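Participant: Dropping a prediction and its sequence here:
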Amino acid sequence: MWIVIGIAIVLFFVFYVGKRFNTYVLIARNTTYIYEILSTDFKDQLPNEDILFATSGVIDALKYVMEGSLTVDEIAIGVLTSKCGKCSLNLIKLDITDNPTYHFFVRQPDLLYFVYFVMQLEALIFHVDTHVPPEYILSAVKSKKRVIEKEIKKTKHKYKAHGAPPLLKENTYSFMNCEAFAGLRDELGIIKGKEDKVRQVMVEAKQAVSSRGQHYVFVHQVLRDLFFDMPEQIINIMTRDGAAAALLDLWNRVGAKVAESGLVSPDGLHYEIRTLDDDVEVALITLPAPKFICEAHYVALVYRPSSPEYEGITRFIVLERSFNGSLPILCEWGAAGEHSNMGPISEPTLETFFEEVCELLQSVSIDSDDALNL
């Protein structure tokens, strides 16, 4: 009898745990990305870590929440349960904590709390998807703790390096902004801060133009228009001796046209030219350190003339300071004056910016008269 039960349990683990392996990884990955997006872009609307965890879980399990098979309360209670080091289903609890010494001195407690929460979320979703007894589900989830933790760590590194996948970012922003989810946001205790945030962004943008007009106008008006008007001449100037003096002269000419209160020191203004394998010239311009939203960290003037071998390219790519100085935003101006926002990148360094520019050039190629509208 006991042998038969033991074999049944083994078969359960082999079949269900193996079958759901990709699901464990997917839930861990998606919930982590959502957590990072919320932490970066909506932290002012999430009063504490419990609400942050619960909101991450609700967004990842939104399909189940909307159809009523999972509730906000169940996920919120799961946060509290997991923070006690337990995983719970239908009043059945399983201890999932590590050895306390190992927990506090060898690994990161904050990370483990999130691992425990993701395990709890996995168990809740597993329970909805199957008719397996809760105790078996809890044991199966616990057996995958290291897999889940490894995926969470890997995803955090990916987010830091490359940001979040566009679809997950779109889903997270939709949940946090759309009126359709206002009731769920109220249940979670999310602060209604969108309107205030928009006002703050507008105030900071006005400050950028009024108190540091030279910085903004140099990049977003004068340099942009000059480059699109005569890209070949600008690149030729940038490749000659005396280009640094010409760049500084243009900066000072812009300064002469703005109010004295809007002047910015040229400290930090410099450039370099890089040539890519396909005859594309990239002039990388470093600006004085930005202080307000929309001010540029760097500009890439990308040019290749049309030829029988290659299509012509003229692109003006900018790395802009974001709201409150969080992750910088990769943007592009088109020849017709349209401005495209392609999302945040990991850090405001020249090499990271150049890598992003190269990726853009590999994925999309347009000529000088085309408008890029991503």
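Facilitator: Cool, got the structure.
Participant: where in the chain is pLDDT low?
Facilitator: By pLDDT under 70, the low-scoring segments of the chain are 1-22, 96-110, 193-211, 261, 323-325, 364-374.
Participant: Nearest the geometric middle of it, what residue?
Facilitator: When the chain is reduced to its mean C-alpha position, the nearest residue by C-alpha atoms, centre = their mean turns out to be residue 163, at 3.5 Å.
Participant: if I look at the closest residue to it other than its chain neighbours, how far off is residue 117?
Facilitator: With C-beta to C-beta, 6 or more residues apart in numbering as the criterion, residue 163 has its nearest non-adjacent residue at 5.3 Å, and that residue is residue 344. Placement of C-beta: from N, CA and C, glycine included. Taking C-beta to C-beta, to the nearest Å as the measure, residue 344 and residue 117 are separated by 25 Å.
Participant: Look at the two and report which has more neighbours.
Facilitator: A side-by-side neighbour count of residue 344 and residue 117, using other C-beta atoms under 10 Å, places residue 117 first with 26 against 22.
Participant: wait, is that one part of a helix?
Facilitator: Yes: looking at residue 117 with DSSP: H, G, I helix; E, B strand; the rest coil, it is inside a helix.
Participant: ok, now which ones touch it?
Facilitator: Taking C-beta atoms under 8 Å, 6 or more residues apart in numbering as the contact definition, residue 117 lies against 53, 57, 78, 79, 82, 83.
Participant: Now it: closest residue in space that isn't a chain neighbour?
Facilitator: Excluding the flanking residues, the one nearest residue 117 by C-beta to C-beta, 6+ apart is residue 82, at 4.3 Å.
Participant: Please list the outside residues in contact with the helix or strand that the one you found is a member of.
Facilitator: Using DSSP states H and E, residue 82 falls within helix 72-83. Contacting residues not belonging to helix 72-83 are listed as 50, 53-54, 57-58, 61, 65, 87-88, 93, 96, 113, 116-117, 119-121, 124, 184, 187-188 [C-beta under 8 Å, 6+ apart].
Participant: Show only the entries of these found in helices.
Facilitator: With helices defined by DSSP state H, the entries of those inside them are 50, 53-54, 57-58, 65, 113, 116-117, 119-121, 124, 184, 187-188.
Participant: Which of these sits closest to residue 260?
Facilitator: Using C-beta to C-beta, residue 188 is the member of those that sits closest to residue 260, with 48.9 Å.
Participant: Please tell me how far the residue nearest to residue 117 sits from residue 135.
Facilitator: Remark: distance between residue 82 and residue 135 (C-beta to C-beta) = 17 Å.
Participant: Looking at these two, which one has more neighbours?
Facilitator: Using other C-beta under 10 Å as the criterion, residue 82 and residue 135 rank with residue 82 on top: 26 against 13.
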